[in-house]
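S.K.: The amino acid sequence is not available; the structure is as follows:
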Ligand code: GBH
């Protein structure tokens, strides 16, 4: 009986590949993996490292709200086991490593250099290069020094100066060897989740999205200042590239009566608030956002807009302030219009857009992560046409499963379909230069603790040596990087149901 079932299964899976297409990657396309300092390093108070807002959040007593009250105090212990990470990259045949620097390791409160922190990253960078692995360095992946949060963090405009000092130190210390810098990871996430509705550190609630809006504004200015600093002071000698990492899903019309305009608003409010100032011809915030927040502020009786304005010089400083876009893509959603109501979720409050997911889409261990490869394909083409085809790295893309899942077939499928979507977008002319999958190793998944695992290598947290055990996807990736192809069917990629357009 079992054999017959198995035979039928084999037959069906053979059939399913009859329509499979082979998707290829140009020789220049780079395959790598990504991590972030707080999620892997551990050693939270070692060698002069100061507490970050995530140390504060995870050490808060009696309950820190993180799943099971866990912390990143040890995580993958990469502060001690970086060589295991390099081994893992090599073993998976990956040639780029995206990691982040902990601001709290390299600067003291008096803004002096903490040499031990610099030494750690120097060793990591040198060892990577010795193995032929290109370092891609994120300056800020959410671990703000607590002493800066104490003066208002990203909501205080003074932060721009502190960030510039930090960026200067990073460029000066590592730029002779690091040629790809990312100023920020996912500002929409740490600004909104951290400052509007207290879901991430620093766990602040603000009325009317004001905290998230101020955070975004100062992040944009900090990014532009760092970019200009690099151009003026380091580019000639170092010849590297500086970009920013932004995340978004693609938005689809929730049903036939949803106007196309709603889709555009959704993308502009979430993604366009960063891409328009940096990548568009006109610069500045998207007009639709400017108009909506100005008008709603007025409607609320306010004498000025909740959305700050950039000066003409700031608009110029921001415009073109990225050599590439680092894009994090995980999932997509359906959107529909809602009307302005100050009592609803602040994210949708100003945009007048709400979202949902198709229950037919496959979902990961993370409840927000639906498998929608089509979204990546459509998004890449949207970016190509909207912003004159910038260079793009897919700086994160990945799937979560339960702890210690070694036979990670779902992750393999997710990678296969998203790689196919990327290949197809490249065929359309999109300048996608490479991918760093999330993540190299199982790590601290923020508020979800260690319950949702994104690694292509498993880590048993009871193992003091933190051995990195390859999941099945490591051999899959090795095959992909050797053949530079993946197989997929169009039906597997294009999973968004057709919601009929109304007659227009
Ligand atoms: C990235 O964020 C991060 O850069 C990385 O550090 C992280 O480990 C990885 O992805 C996996 O999560 O609960 O419905 O409010 C991805 C963007 C934004 C996805 C916040 C989860 C919460 C959705 N994340 N989102 S919900």
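M.R.: Received it, and whenever you're ready, just let me know what you need. Nothing here was measured: the structure is a model prediction, and the numbers come from that model. Residues are numbered from 1 along each chain as shown.
S.K.: Contact distance from the ligand - what residues of the stretch 1-150 of the chain qualify?
M.R.: Residues of the stretch 1-150 of the chain lying near the ligand by CB under 6 Å from any ligand atom: 36, 39. C-betas here are computed from N, CA, C, even on glycine.
S.K.: Actually, the chain.
M.R.: Going by CB under 6 Å from any ligand atom, the residues of the chain near the ligand are 36, 39, 185-186, 189, 247, 328, 330, 368, 396, 438, 445, 454.
S.K.: let's see 5 Å
M.R.: With CB under 5 Å from any ligand atom as the criterion, the chain meets the ligand at residues 189, 368.
S.K.: Please work out the residue of the chain nearest to the ligand and name it.
M.R.: Here the chain gets closest to the ligand at one residue, residue 368, 3.8 Å apart by CB to the nearest ligand atom.
S.K.: can you count the residues close to the spatially closest residue to residue 111 that is not a sequence neighbour?
M.R.: Nearest residue to residue 111 in three dimensions, chain neighbours excluded: residue 165, at 5.5 Å (CB to CB, 6 or more residues apart in numbering). Look at residue 165: counted by other CB atoms under 10 Å, it has 11 neighbours.
S.K.: Let's verify residue 165: helix, strand, or coil?
M.R.: Under DSSP: H, G, I helix; E, B strand; the rest coil, residue 165 falls in the helix class.
S.K.: One more: residue 281?
M.R.: Of the three states, residue 281 takes coil according to three-state DSSP.
S.K.: from the chain's centre, how far out does stretch 299-319 sit?
M.R.: 26 Å (CA atoms, centre = their mean, to the nearest Å).
S.K.: Quick one: residues in contact with the helix or strand hosting residue 294.
M.R.: Residue 294 belongs to helix 287-299 when assigned by DSSP states H and E. If you take CB atoms under 8 Å, 6 or more residues apart in numbering as the criterion, helix 287-299 is touched by 213, 264-265, 268-269, 272-273, 284, 304-307, 340, 349-352.
S.K.: So which of those belong to helices?
M.R.: Within the contacts of helix 287-299, residues falling in helices by DSSP state H are 213, 264, 265, 273, 349, 350, 351.
S.K.: residues touching residue 386, list them.
M.R.: Contacts for residue 386 were tallied using CB under 8 Å, 6+ apart; they are 275, 279, 280.
S.K.: and the gap between the residue nearest to residue 111 and residue 139?
M.R.: Distance of residue 165 to residue 139, given as CB to CB, to the nearest Å: 12 Å.
S.K.: again, but for residue 262
M.R.: Using CB to CB, one gets 35 Å for the distance from residue 262 to residue 139.
S.K.: again with residue 310
M.R.: Counting by CB to CB - residue 310 and residue 139 are separated by 22 Å.
S.K.: Excluding sequence neighbours, find me the nearest residue to residue 409.
M.R.: Here the residue nearest residue 409, using CB to CB, 6+ apart, is residue 472, at 6.7 Å.
S.K.: is the spatially most central residue of the chain in a bridge, and if so with what?
M.R.: By CA atoms, centre = their mean, the chain has its centre lying nearest to residue 328, at 3.9 Å. Beta-bridge pairing of residue 328 under DSSP bridges involves residue 247, residue 396.
S.K.: That one contacts residue 244, doesn't it?
M.R.: No - counting by CB atoms under 8 Å, residue 328 does not reach residue 244; the two are 11.0 Å apart.
S.K.: Start and end of stretch 399-414, how far apart?
M.R.: 7 Å (CA to CA, to the nearest Å).
S.K.: Number the residues from 33 up from this point.
M.R.: Yes, from this point I'll number from 33; that puts the last item at stretch 431-446.
S.K.: what's the average pLDDT for that stretch?
M.R.: On average, the pLDDT along stretch 431-446 is 98.
S.K.: Sort out which residues of that stretch are buried, please.
M.R.: Of all the residues in stretch 431-446, those buried under the rule 16 or more other CB atoms under 10 Å are 431, 432, 433, 437, 440, 442, 443, 444, 445, 446.
S.K.: mind checking the SS state of the last one?
M.R.: Recorded secondary structure, residue 446: helix (three-state DSSP).
S.K.: So what's the gap between the helix holding residue 326 and the chain middle?
M.R.: Computed by CA atoms, centre = their mean, the chain-centroid distance of helix 319-331 equals 28 Å.
S.K.: need the contact list for the closest residue to residue 208 other than its chain neighbours.
M.R.: Distance criterion CB to CB, 6+ apart; nearest residue to residue 208, sequence neighbours excluded, is residue 270 at 6.4 Å. Shown in contact with residue 270 (CB under 8 Å, 6+ apart): 203, 207, 208, 211.
S.K.: Among those, which pair sits farthest apart?
M.R.: 203 and 211 (11.2 Å; CB to CB).
S.K.: between those two, who's got more neighbours?
M.R.: Between residue 203 and residue 211, counted using other CB under 10 Å, residue 203 has the larger neighbour count: 23 against 16.
S.K.: That one contacts residue 263, correct?
M.R.: No - when contacts are counted by CB under 8 Å, residue 203 is not listed as touching residue 263 (10.6 Å).
S.K.: separation between the closest residue to residue 102 other than its chain neighbours and residue 100?
M.R.: Closest residue in space to residue 102, ignoring its immediate chain neighbours: residue 481 at 3.8 Å, by CB to CB, 6+ apart. Residue 481 is 5 Å from residue 100, where distance means CB to CB.
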